[in-house]
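Student: dropping a prediction and its sequence here:
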Amino acid sequence: MEATGVISIAQRFCNIPYMFDWLSPVDMRFFLSVMGLAAGSTLVAPPPVLAQPSACMADAGGPAVKVTAQGFKDRKGNLRIAVYNANEEEFLASGRYVQRIDTPMTASGPMTICVPLPTAGPYAVVALHDRDADGKLSVFSDGFGFSNNPKLGRSKPPVSSVTMNVQGVSVISITLNYVQGFSPKPWKPH
């Protein structure tokens, strides 16, 4: 599909303004794939932030991932944690997550979310700071990060760089990235 086709689809179905005409097809596919995080049903967890604390207890018996997200630009909106099977077909594909949890931002500090999983095995974890809480990625506003904290460019990272093996309760930390200039980077206040 040529660039204008990708852009017109994005504008039609995702309400992306025409100011994105300058994005290449690869850039647009990356932003659209990250927007896939916004698709599907929502599970909202009330504070305390640890969304499913019983799943991360030592005696819980099932696999889970305990995700600490850090490096927030501000405390607006929601934090979304989405877990995908670690394969190229499902990673960041719309509605193909294994588990997704949305929770309101806390007043300060890192946020820790416990995500129960159906089976042990390889997964990719994505964190999204949805600053306007609209359930959609706002490319130049929202923050995002991945398991293993790979350096991000203007396309989605290869699934191999974000894959982690979950056995029991796996504990990870994700540093959020915000678009600064033309590329996503960890937030550094000016």
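Tutor: Looks like it came in fine. Numbering: from 1, shown residues only.
Student: where do the helices sit along the protein?
Tutor: 3-14, 25-35, 159-162 (DSSP state H).
Student: quick one: mean pLDDT over the longest one.
Tutor: Which is helix 3-14. When pLDDT is averaged along helix 3-14, the result is 39.
Student: just use 35 as the starting number from now, easier for me
Tutor: Happy to do that; since the first residue is 35 now, the last one works out to helix 37-48.
Student: residue 210 - how many residues pack around it?
Tutor: 21 (other Cβ atoms under 10 Å). Backbone N, C-alpha and C define where each C-beta goes, glycine included.
Student: no no, residue 217
Tutor: Counted by other Cβ under 10 Å, the residues lying close to residue 217 total 11.
Student: same thing with residue 157?
Tutor: Neighbour count for residue 157, taken as other Cβ under 10 Å: 25.
Student: which stretches of this protein have low pLDDT?
Tutor: Scanning the chain for pLDDT under 70 picks out 35-86, 224.
Student: for it, list the residue farthest from the centre, please.
Tutor: Distance to the chain centre peaks in the chain at residue 93, reaching 28.0 Å (criterion: Cα atoms, centre = their mean).
Student: how close does it get to residue 202?
Tutor: For residue 93, the distance to residue 202 (Cβ to Cβ, to the nearest Å) stands at 11 Å.
Student: then residue 123?
Tutor: Distance, residue 123 to residue 202, by Cβ to Cβ: 27 Å.
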